[in-house]
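[1] Build me a model:
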Amino acid sequence: MSGKSETQPRDLTVPAVVLALLSCLPVLVARYPQMSDYPAHLARYAIMLDGGRSADLAQWYVFRWKWTGNVGVDLLIHPFAALFGVETGARAIAGLIPPLTGLGIVHVDRALRGRTGIGSLLALPFIWSPMMLIGLLNFALGLALALHAFALWVRLEGRGWRPIAFVPIGLVVWACHMSAWGVLGIMVAGHEFARHGWRAALLRPLPLAAPLVPMLVLGGNSGAFSYGPFWWIYKEAIWKRAMRDQSQWLDIGCLCLYAALLLAALWYRRVDGRLGWSALLLLLLSWIVPRHVSGGDYVDYRMITSGLLLAALAIDWPAAPRFAALLAPAPYLVRLAVTTLAWQADSATTTRLLTALDHVPRGARVASAVLVPAGSWPLDHFEHIGAWAVLRRHALVNANFAVRDIHMLSLRHGGWSDPSQRILQLVDKPVDLASFGPARDADYLWY
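    Predicted coordinates:
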């Protein structure tokens with residue numbers, strides 16, 4: 001009887017869906033989501049939605065809307081802010097993206113195999129990849145939609161109207177984020193290659209190319225392509241940090257575990273090529289593509305985290321024994337607990353730190369200075385905390401993404417864009433703020 005049960009494919013849809021929904025836990029327990037870039041994005045939403053009505057904001061900031069492949073949450077925040085306000089609305093969006101991604105993983109698994117297998121459970125830790133933990137919300141939203149779009153592509157195979165349907169779908173994913181659109185295209189091409197060969201891989205994804213039209217018509221941002229200095233060292237570093245969060249030993253240990261699992265799956269031929277080829281291409285491209293494309297950062301880093309998600313999801317072990325199904329969610333649950341506890345603690349710290357703004361008048365110039373120890377492993381939740389002064393005091397702050405011709409937000413005051421708030425501590429010595437540039441013409445220094 002036990003031998004027979006081990007040969008029957010297990011459908012793990014119910015536990016996978018429950019675990020996917022559980023991914024919103026960090027946002028639920030933290031009043032202030034602890035993504036590094038989150039406050040700066042939130043400040044941009046507030047300035048955008050204000051529309052110049054605040055004289056204090058208008059004297060410091062200029063917002064010019066641009067239709068680019070990086071406006072997913074910038075569009076979504078409009079109805080959410082109308083219903084809940086900008087802060088609660090953005091928090092709601094941040095809380096919805098992880099479950100949407102997790103359900104996308106399950107959706108892909110069921111579309112390909114008619115069931116949810118162990119690969120879905122193994123892919124769950126990549127919901128909270130460094131991209132989501134940093135706060136690259138437009139990309140995270142785009143990736144979640146790309147997973148659902150790919151599942152729909154698989155389900156509609158043989159339907160003559162599929163190419164027409166995927167013209168607007170590709171445009172929606174591109175509008176969320178160009179890198180997510182690229183991941184979707186690679187997923188479709190990999191699937192078609194595994195199913196029908198090279199010709200299909202080259203021709204069938206063409207309906208997804210519709211965003212090339214607005215890209216050519218509207219143009220891109222300045223600083224289009226850049227590898228940055230010492231690119232080979234940087235590439236090695238982002239691979240080492242492919243699962244970076246709070247604990248170096250846990251994060252590197254999990255990465256090594258997944259490397260071993262993937263090698264074992266290859267050895268025992270438990271990799272589904274319909275996803276495996278896409279994962280392999282993404283991981284190879286991460287070594288080739290630049291760090292910066294059209295003003296966007298971490299283009300290659302996004303490929304690593306997306307490629308690992310697809311590689312884990314590609315593991316297909318239909319007759320996995322019960323103990324394997326029970327152990328598969330362990331990395332996800334441990335990592336989710338670590339993230340949740342860190343967010344809970346640092347959200348309480350943020351609550352205390354924000355009391356400093358009670359002493360700042362509206363429209364002031366606030367130079368925030370954040371100490372960033374060199375070589376520190378945990379993701380820093382406070383690098384952009386100064387941007388909260390935009391929300392609470394309509395202040396000029398130096399922690400926003402506001403580089404002219406790259407971001408939609410720009411400053412009327414030069415030299416105050418990210419990363420001017422960072423003080424890189426190279427050696428163990430007292431911090432000297434005497435040479436901290438933004439403080440020279442600020443009303444307040446927030447250290």
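[2] The nearest residue to Leu357 once chain neighbours are set aside: which element?
    Excluding the flanking residues, the one nearest Leu357 by Cβ to Cβ, 6 or more residues apart in numbering is Arg392, at 4.8 Å. The C-beta positions use only the backbone N, C-alpha and C, and glycine is treated the same way. Following DSSP states H and E, one finds Arg392 within helix 388-393.
[3] what's that helix in contact with?
    39, 42-43, 46-47, 57, 86-87, 350, 354, 357, 360-364, 366, 368, 395, 397, 400, 446 (Cβ atoms under 8 Å, 6 or more residues apart in numbering).
[4] So which of those residues are in helices?
    Counted as lying in helices by DSSP state H, out of those, are Pro39, Leu42, Ala43, Ala46, Ile47, Leu57, Val86, Glu87, Thr350.
[5] Quick check: the first one vs Pro33, distance?
    Relative to Pro33, Pro39 is positioned 9 Å away (criterion: Cβ to Cβ, to the nearest Å).
[6] cool, the fourth one as well?
    Applying Cβ to Cβ, one obtains 15 Å for the distance of Ala46 from Pro33.
[7] Same check on Thr305?
    The value you get for Thr305 to Pro33, if Cβ to Cβ is used, is 19 Å.
[8] likewise Arg422?
    20 Å.
[9] Compare these two (neighbour count), which wins?
    Pro33 (21 against 17; other Cβ atoms under 10 Å).
[10] That one contacts Gln344, doesn't it?
    No: in this structure Pro33 lies outside contact range of Gln344 using Cβ atoms under 8 Å: 11.4 Å.
[11] could I have the helix or strand containing Leu83 exported to CSV, CA atoms only?
    Assessed by DSSP H and E, Leu83 sits inside helix 72-84. The C-alpha coordinates for helix 72-84 follow below in CSV (Å, rounded to 0.1, in the frame of the first residue of the first chain):
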residue,chain,number,x,y,z
GLY,A,72,3.3,49.7,-12.0
VAL,A,73,2.6,50.9,-8.4
ASP,A,74,2.7,54.5,-9.5
LEU,A,75,-0.5,53.7,-11.4
LEU,A,76,-2.0,51.4,-8.8
ILE,A,77,-1.5,53.9,-5.9
HIS,A,78,-4.2,56.2,-7.4
PRO,A,79,-7.2,54.1,-6.5
PHE,A,80,-5.6,52.7,-3.3
ALA,A,81,-4.8,56.2,-2.0
ALA,A,82,-8.3,57.4,-2.9
LEU,A,83,-9.7,54.6,-0.7
PHE,A,84,-7.2,54.4,2.2
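[12] residues in contact with it?
    Contacts of helix 72-84 (Cβ under 8 Å, 6+ apart): 41, 44-45, 48-49, 86, 89-90, 92-93, 137-138, 141-142, 175-177, 408.
[13] hmm, try it at 7 Å
    Outside helix 72-84, the residues within contact range by Cβ atoms under 7 Å, 6 or more residues apart in numbering are 45, 48-49, 86, 89-90, 92-93, 137-138, 141-142, 175-177.
[14] Give me the buried entries from those residues.
    With neighbours counted using 16 or more other Cβ atoms under 10 Å, the contacts of helix 72-84 contain these buried positions: 45, 48-49, 86, 89-90, 92-93, 137-138, 141-142, 175-177.
[15] shaky segments in the stretch 301-447 of the chain?
    Low-confidence segments of the stretch 301-447 of the chain (pLDDT under 70): 427.
[16] Please report the number of neighbouring residues for the nearest residue to Pro378 once chain neighbours are set aside.
    Excluding its sequence neighbours, the residue lying closest to Pro378 (Cβ to Cβ, 6+ apart) is Gln246, at 4.6 Å. The number of residues packed near Gln246 is 18, by other Cβ under 10 Å.
[17] ok so Gln246 is a strand residue?
    No: per DSSP: H, G, I helix; E, B strand; the rest coil, Gln246 lies outside any strand segment and is coil.
[18] From Asp380, how far off is it?
    11 Å.
[19] Could you check how far whichever strand or helix holds Leu263 is from the centre of its chain?
    Assigned by DSSP H and E, Leu263 falls within helix 248-267. Mean C-alpha position of helix 248-267 versus that of the full chain (Cα atoms, centre = their mean, to the nearest Å) differs by 21 Å.
[20] repeat for stretch 134-143
    On Cα atoms, centre = their mean, the centre of stretch 134-143 falls 3 Å from that of its chain.
[21] Mind checking the pLDDT average for that stretch?
    If you average the pLDDT over stretch 134-143, you get 97.
[22] what are the ranges of the strands in this structure?
    61-63, 225-226, 292-293, 365-368, 370-373, 396-397, 409-411, 422-425, 444-446 (DSSP state E).
[23] Can you add distance to Thr116 and give those strands back as JSON lines?
    As requested, these are exported to JSON lines (distance: least, Cβ to Cβ, whole Å):
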{"stretch": "strand 61-63", "distance to Thr116": "43"}
{"stretch": "strand 225-226", "distance to Thr116": "40"}
{"stretch": "strand 292-293", "distance to Thr116": "34"}
{"stretch": "strand 365-368", "distance to Thr116": "45"}
{"stretch": "strand 370-373", "distance to Thr116": "41"}
{"stretch": "strand 396-397", "distance to Thr116": "45"}
{"stretch": "strand 409-411", "distance to Thr116": "41"}
{"stretch": "strand 422-425", "distance to Thr116": "43"}
{"stretch": "strand 444-446", "distance to Thr116": "48"}
